[in-house]
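Visitor: just the structure for this:
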Amino acid sequence: MGDPGTLLAALAVGILGGVHCLGMCGGIVGAISLGHGRRGPGFDLLLAYNLGRMGSYVIAGALAGWLGAILLGGLPAGQAILQGFAAAFLILLGLYIGGWWPVLARLEQAGGVVWRRIEPLGRRLLPVRHAGQALLVGGLWGWLPCGLVYSVLAWSLSAGGATEGALLMAAFALGTLPNLLLMGVFAARMAAFVQQRWVRALAGTAILLYGGWMLLRLVM
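Guide: Okay, here's the model as predicted:
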């Protein structure tokens, strides 16, 4: 099973990375919260959407954990190599979220090749009218090209197996949940808040420091 400290760290990365989530998923969250034809923010639809999105992350994490165990799990230094790879990705993620070096945007562009085939399926489900529909939309939108998600998937490679990778991504997904739920209820205010440079810089610095600490721990 996953190490509690690692799971807590993944949860924290999800919370801190929420400033990026709002930019990536804010549009679809706004469409769900405002386009359902009912009074109020449609909290049940937002929750269903996020459960679908989180489910996709868990599946991807299980695949990444399994792949990492197959590729390098049998080598003496395999786990250290994968952990170093994960630390490097977290450092890049901190630089990306902080707005200092958007190198992960290139990965998002590469992921767009697959996303162009998935996105039309999600569009056909809009506008969202019921929770089942929202769950399906979330499951599809979970594969949206995202540097934040890709970085944590790189971390999942070093988790040790499919179960551990799934748990790590589940902890991360749980961390992203509060921001996206609040986005559905307070869309305009949340969007204005996360666009402030100091918010992104603070979140990016925290993730950058954690990635650096992971790398330092490996070296020592």
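Visitor: quick one, longest helix in this structure?
Guide: Longest helix in the chain, counting residues (DSSP state H): helix 43-72.
Visitor: helices of this structure, residue ranges please.
Guide: 4-16, 18-34, 43-72, 78-97, 104-123, 131-141, 147-156, 162-185, 187-194, 197-219.
Visitor: mind checking which helix or strand of the chain has the lowest mean pLDDT?
Guide: helix 187-194 (a mean of 60; mean pLDDT, DSSP states H and E).
Visitor: distance of Leu144 from Ala162?
Guide: 23 Å (C-beta to C-beta, to the nearest Å). Using the backbone N, CA and C atoms, a C-beta is placed for each residue, glycine as well.
Visitor: er, Pro4 I mean
Guide: Relative to Ala162, and taking C-beta to C-beta, Pro4 is found at 19 Å.
Visitor: likewise for Gly111?
Guide: 22 Å.
Visitor: run through this protein and note the low-pLDDT ranges.
Guide: Along the chain, segments meeting pLDDT under 70 span 1-2, 22-27, 30-31, 33-42, 73-74, 76, 183-195.
Visitor: and the residue nearest the centre of it?
Guide: Nearest residue to the geometric centre of the chain (C-alpha atoms, centre = their mean): Val149, 3.6 Å.
Visitor: next, count neighbours for the nearest residue to that residue once chain neighbours are set aside.
Guide: Excluding its sequence neighbours, the residue lying closest to Val149 (C-beta to C-beta, 6 or more residues apart in numbering) is Tyr57, at 6.7 Å. When neighbours are counted by other C-beta atoms under 10 Å, Tyr57 registers 26.
Visitor: which residues does Tyr57 contact?
Guide: 142, 149, 169-170, 172-173 (C-beta atoms under 8 Å, 6 or more residues apart in numbering).
Visitor: and which of those residues is nearest to Cys21?
Guide: Distance to Cys21 across these (C-beta to C-beta) is lowest for Val149, with 9.0 Å.
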